[in-house]
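[1] Make a model of this:
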Amino acid sequence: MKQVVVQFGGTGDLAQKKLYPAYEHLMEKGFDFTVLALGRRFKKRDEFLKAMLEEGTSKKFLERLQYLYYDMADEGATGPLKEQIQSIIGDHEQVELIYYLALQPSLYEEAIRQIQVVDSQLSCHCNLTKKIVVEKPFGFDLESAERYNEILLKAFADKEIYRVDHYLGKEFMQNLLILRFHNDIIRSIWDNRSIESIQIIFDETHGVDQRLGFYEQIGVVRDTIQNHIMQIITYLTMNEPATLSPDDIEIEKVKVLRSIAPVSEFHTGRYESLGVNSGHIVHTPTYAALKLSVNTYYFAGVPIYIRTGKMQSEAKSLIYVKFRNTTQKVMHDDTIGENGVIITIHPELTIDISMNLKEPDTSWKSKPVRFRFNQAETFGANTPEAYEQIVKKILQGDKSLFPSMREITESWRIVSPMLEDKQHMEVYPVRTLPRFAHDLAEKNGFTWFQ
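    Presented below is the predicted three-dimensional model:
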């Protein structure tokens, strides 16, 4: 079958930094498809190649990468696009068109309209199938997400729509399910009888001023919490699915999301230098801290504390599952450390289990120690990047790494209170954890994991 990826936003950062390397690596591994990049930054293919690709790009990828100057505002743009797709299809009998929209959601409606025009004009004596791929955030709130989905369904069936959250392509996300459901020792303690609390920390050192025009419309809630973090929570707390098929996993993830009430305990802020060179005051949140609960039989009563944002002193992405320290209470010994599972995502993927063992040359004094799994040390450093995994699944027609529309709408429902304009926003110094993150910990009697 001839597969053609029609890359909208073909001259953007996502295409350059993530998608083109993913396409190249997959072609090197034997996947055979053609990429037609669309963009308006460059008039000619040579200019596009020189600016968008690194030196040493493989010959195989270059031979299968085409470029078309494409301005969506031009009423006649669909004509040349149809002609180029027609040329790529040639006389193939089995053809699949994959429209990849690396665009802002506000452009979806016009992109879909133009895709429909192209599809209606193609003359193909072949069995033609199609898919469409859309990036997160899917919409700006619950209402817009539902509207964009209606637009997509005018031209595509739901089974043809791939809604990307690239975090689902990361090895650590898939490892969460294997850790929980392929290990009896973990399965038996992974519930509210043993777990005291969960922390999710996503701190980044960089700011957003270089892409302020985009981020000003998005903010930290839409950028991270509504998608990445909600998906992590489902993987951490879902019941074991009947199988690890996409449909069975979705059933359990939706159950988790439906059990979470809209966030009520939260705080947001922005770093003090945000937009200093923009000529106007920017009120977009760049940091948030919140608490929520999963009200299911196995996780009711387990608080989940989340903090995430920009311009911190240290890049840190981790999940900390803290277990109840019954031994400390029974033995009246405050030196006995708690057990925990620490899943570090950045700077490298590791999973640590914290336990207590006897300290040498002491009278039964214990000391917390960690047993560590390191992804790179165990399986090698060449683990595929998230987008390579994502693109491979799209080519294979496997939707296991893509959130369903039901998951997306439930996630928007949960974070809706955080999107209201009337919320107070703290201004925090760069490289400093906002005061409200400390306040959340003090109010709830916990300490952020270091």
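[2] other SSEs contacting the host helix or strand of V391?
    Secondary structure assignment for V391, by DSSP states H and E: helix 386-396. With contacts taken as 3 or more C-beta pairs under 8 Å, 6 or more residues apart in numbering; DSSP states H and E, helix 386-396 sits against helix 20-28. C-beta: built from backbone N, CA, C; applies to glycine.
[3] Can you spell out which helices and strands pack onto the helix it packs on?
    For helix 20-28, the packing partners by 3+ C-beta pairs under 8 Å, 6+ apart are strand 33-39, helix 59-63, helix 386-396.
[4] closest one to K358 among the ones you listed?
    helix 386-396 (41.2 Å; C-beta to C-beta).
[5] And stretch 155-162, what's buried?
    When burial is assessed from 16 or more other C-beta atoms under 10 Å, stretch 155-162 yields the following buried residues: A155, F156, E160, I161, Y162.
[6] Need the contact partners of that stretch.
    112, 115-116, 119, 129-134, 152-153, 394, 399, 402, 405 (C-beta atoms under 8 Å, 6 or more residues apart in numbering).
[7] Return that stretch as CSV; C-alpha atoms alone will do.
    C-alpha atoms of stretch 155-162 as CSV (Å, rounded to 0.1, in the frame of the first residue of the first chain):
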residue,chain,number,x,y,z
ALA,A,155,-15.0,14.7,6.8
PHE,A,156,-13.6,11.7,8.8
ALA,A,157,-15.0,8.8,10.8
ASP,A,158,-13.8,8.6,14.4
LYS,A,159,-11.7,5.5,13.7
GLU,A,160,-9.8,7.7,11.1
ILE,A,161,-9.0,10.5,13.7
TYR,A,162,-5.8,10.3,15.6
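[8] quick one: average pLDDT of it?
    Averaged over stretch 155-162, pLDDT sits at 97.
[9] Could you pull up the contacting residues of S293?
    I260, A261, F299, A300, G301, V302, P303, I304.
[10] okay, those residues in TSV with pLDDT next?
    As requested, those are arranged in TSV below (pLDDT from 0 to 100):
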residue	pLDDT
I260	98
A261	98
F299	98
A300	98
G301	97
V302	98
P303	98
I304	98
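[11] Sort out for me which of those residues are in helices.
    Judged by DSSP state H, the subset of the contacts of S293 located in helices is empty.
[12] Relative to S197, which of the helices and strands packed on helix 20-28 is closest?
    Among those, if distance is taken as C-beta to C-beta, the winner is helix 386-396, at 27.7 Å.
[13] who's in contact with that closest one?
    With C-beta under 8 Å, 6+ apart as the criterion, helix 386-396 contacts 3, 18-19, 21-23, 25-26, 31, 33, 98, 131, 133, 162, 164, 166-170, 384, 399-402.
[14] and if we set it to 7 Å?
    Contacting residues not belonging to helix 386-396 are listed as 3, 18-19, 22-23, 25-26, 31, 33, 98, 131, 133, 162, 164, 166-167, 169-170, 400-401 [C-beta atoms under 7 Å, 6 or more residues apart in numbering].
[15] and that helix with helix 20-28, angle?
    Note on geometry: by axes from the mean of the first three to the mean of the last three C-alpha atoms, to 10 degrees, helix 386-396 and helix 20-28 are set 50 degrees apart in direction.
[16] Of the contacts of S293, which is the nearest to T447?
    Distances from T447 to the contacts of S293, taken by C-beta to C-beta, are shortest for P303, at 13.3 Å.
[17] so what's the residue nearest to that closest one when sequence neighbours are not counted bridging to?
    Leaving aside its sequence neighbours, P303 sits nearest to S197 (C-beta to C-beta, 6 or more residues apart in numbering; 5.1 Å). Going by DSSP bridges, S197 is paired in beta bridges with K322.
[18] Confirm that L68 lies within a helix, as I assumed.
    No: counting by DSSP: H, G, I helix; E, B strand; the rest coil, L68 is located in no helix; its state is strand.
[19] Fine by me, thanks again.
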